[in-house]
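J.: coords please:
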Amino acid sequence: MKPIETPRLTLRRQELSDAEDLFHTVFYDAEVARYMRWTPCNHVEEQRSTMRKLLEGDDAESTYRWCVALKETGEAIGVVGASVEVAGDSRADLGYCLGRAFWGQGLMSEALEAVVHYLLFDAGFNRVEAYHAVENPASGRVMRKAGMLQEGRARHKFRCNQGFMDADLYGLVKADLFHPAPFVDFCDTGELRDGELVLVCVQKRPAQPDIGYVPDYLFEMRVGEGQAGDISLRVGMTDSLYYGGQIGYNVEPGFRGHGYAGRACKLLLPLIRHHGYRQILITNDHTNEASRRVCEKLGARMVRMVDLPKWHQLYEEGQRRSCIWVWDMEDK
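T.: Have a look, this model is predicted:
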């Protein structure tokens, strides 16, 4: 289990030293425990004793139990865990809780989405799932904001401090993330124009499965008689693309500062819709502030910052960390 970094949070392995923070923010509170199996602690020593037993039982290879801490202060404000009931199913069952003072700020959705990405792409699971009491719809909103899909309802699914609870079930399989509709063929793009910026498709490159390449479109960005840069749309998803992105763009130095990269991304929207994307993955080097601003202006959200695996081409080229951004298509 590795630490996970999001824009506002650090998710790291729980330590006994977190007991005091977690007691005062989470585990003393009957309201936080309302739909949980655990009962509130009466004092910090009780919390410390409980944590000690949990940590002694941890197995580094199979235990996923993160402490959620504010990046700015280091304060522990919640926990996220994943359990594996049947290893052969390649499925992780998620659970979480957050201190009441931090509800309503999108912090748990931020943490949960990053954990989902970690489990599917770093840890190699095929499916993640979770459920919440029907009487606790706020937890369902957390799951939806984290990208999980509602799959059904189960009667008396679990027993908590309120008794037996009906529960809404959520899940996500790896193929749900960033996969467009099955690729059939390239479409006619024509020229895509935004004022003086014109995108001209110069290549439609077929898939090369033997080296993990998906089909892609390559466009030149043209402004007047000059080539301002290029942008590509990759139609599909692979483990390599998770770190490299489904859209890639480059603006030549003499043309920077005019918003061409973001405008070019928006010009691709009809093509993105044609291929059935629900979300687009954009990545950039964690030191690339200009590309970060492009993503922010598009309304994309950064899910996490991740160390590149050594097998990745970007690592071989000298990059060490990528920022993972999600650009939702539902409102576009």
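
J.: Asp31 against Arg100, yeah?
T.: To be clear, residue 31 is Glu; Asp isn't right here. Yes: if you go by C-beta atoms under 8 Å, Glu31 and Arg100 touch, sitting 5.7 Å apart. C-betas here are computed from N, CA, C, even on glycine.

J.: so between those two, which is more surrounded?
T.: Neighbour count, other C-beta atoms under 10 Å: between Glu31 and Arg100, Arg100 has more, with 13 against 9.

J.: how about that one, what does it touch?
T.: 29, 31-32 (C-beta atoms under 8 Å, 6 or more residues apart in numbering).

J.: so where does Pro180 fall, helix or strand?
T.: According to DSSP states H and E, Pro180 maps onto no helix or strand at all.

J.: what packs against the lowest-mean-pLDDT helix or strand in the chain?
T.: None of the helices or strands of the chain scores lower by mean pLDDT, DSSP states H and E than helix 44-56, at a mean of 86. Contact here means 3 or more C-beta pairs under 8 Å, 6 or more residues apart in numbering; DSSP states H and E; on that basis helix 44-56 packs against helix 19-22.

J.: in the helix it packs on, what counts as buried?
T.: 19, 21-22 (16 or more other C-beta atoms under 10 Å).

J.: pLDDT and distance to Gly299 for those residues - can I get that in a markdown table?
T.: Converted to a markdown table, the buried residues of helix 19-22 look like this (pLDDT from 0 to 100; distance: C-beta to C-beta, whole Å):
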| residue | pLDDT | distance to Gly299 |
| --- | --- | --- |
| Ala19 | 89 | 39 |
| Asp21 | 91 | 33 |
| Leu22 | 92 | 34 |
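
J.: now those residues as JSON lines including distance to Ile4?
T.: Formatted as JSON lines, the buried residues of helix 19-22 follow (distance: C-beta to C-beta, whole Å):
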{"residue": "Ala19", "distance to Ile4": "21"}
{"residue": "Asp21", "distance to Ile4": "18"}
{"residue": "Leu22", "distance to Ile4": "18"}
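
J.: which of the residues you listed lies closest to Glu129?
T.: Closest approach between the buried residues of helix 19-22 and Glu129, by C-beta to C-beta: Leu22, at 24.9 Å.

J.: hmm, that closest one is touching Glu75, no?
T.: No: using C-beta under 8 Å, Leu22 makes no contact with Glu75, being 9.8 Å away.

J.: where does pLDDT dip in the chain?
T.: 57-62, 332 (pLDDT under 70).

J.: can you map out the helices along it?
T.: 19-22, 44-56, 107-117, 137-145, 239-244, 260-267, 269-274, 289-298, 313-316 (DSSP state H).

J.: and these, which is most packed in?
T.: helix 107-117 (a mean of 24; mean count of other C-beta atoms under 10 Å).

J.: that one versus helix 137-145: what angle between them?
T.: Angle, helix 107-117 to helix 137-145, by axes from the mean of the first three to the mean of the last three C-alpha atoms, to 10 degrees: 40 degrees.

J.: now the strands for the stretch 51-200 of the chain?
T.: 64-70, 76-83, 91-98, 127-133, 149-160, 163-173, 192-194, 197-205 (DSSP state E, counting those that start in this stretch).

J.: so what strands line up beside the third one?
T.: Strand 91-98 has these partner strands in its sheet, going by DSSP bridges: strand 76-83 (antiparallel), strand 127-133 (parallel).

J.: distance to Ala300 for these - can I get that in JSON lines?
T.: JSON lines is the format used below for the strands paired with strand 91-98 (distance: least, C-beta to C-beta, whole Å):
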{"stretch": "strand 76-83", "distance to Ala300": "23"}
{"stretch": "strand 127-133", "distance to Ala300": "22"}
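
J.: could I get these as CSV with mean neighbour count?
T.: Formatted as CSV, the strands paired with strand 91-98 follow (neighbours: other C-beta atoms under 10 Å):
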stretch, mean neighbour count
strand 76-83, 22
strand 127-133, 22
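
J.: which residues does the closest residue to Val68 other than its chain neighbours contact?
T.: Leaving aside its sequence neighbours, Val68 sits nearest to Gly78 (C-beta to C-beta, 6 or more residues apart in numbering; 4.0 Å). For Gly78, the contact set (C-beta under 8 Å, 6+ apart) comprises 22, 25-26, 67-68, 96-99, 102, 107-108, 111.

J.: show me what Gly78 is bridged to.
T.: Val68, Leu98.

J.: again with Tyr213
T.: Beta-bridge partners recorded for Tyr213 (DSSP bridges): Gln208.

J.: distance check, it against Gly262.
T.: Tyr213 sits 26 Å away from Gly262, going by C-beta to C-beta, to the nearest Å.

J.: so Ile272 touches Leu233, yeah?
T.: Yes: with contacts counted by C-beta under 8 Å, Ile272 reaches Leu233, the gap being 6.9 Å.
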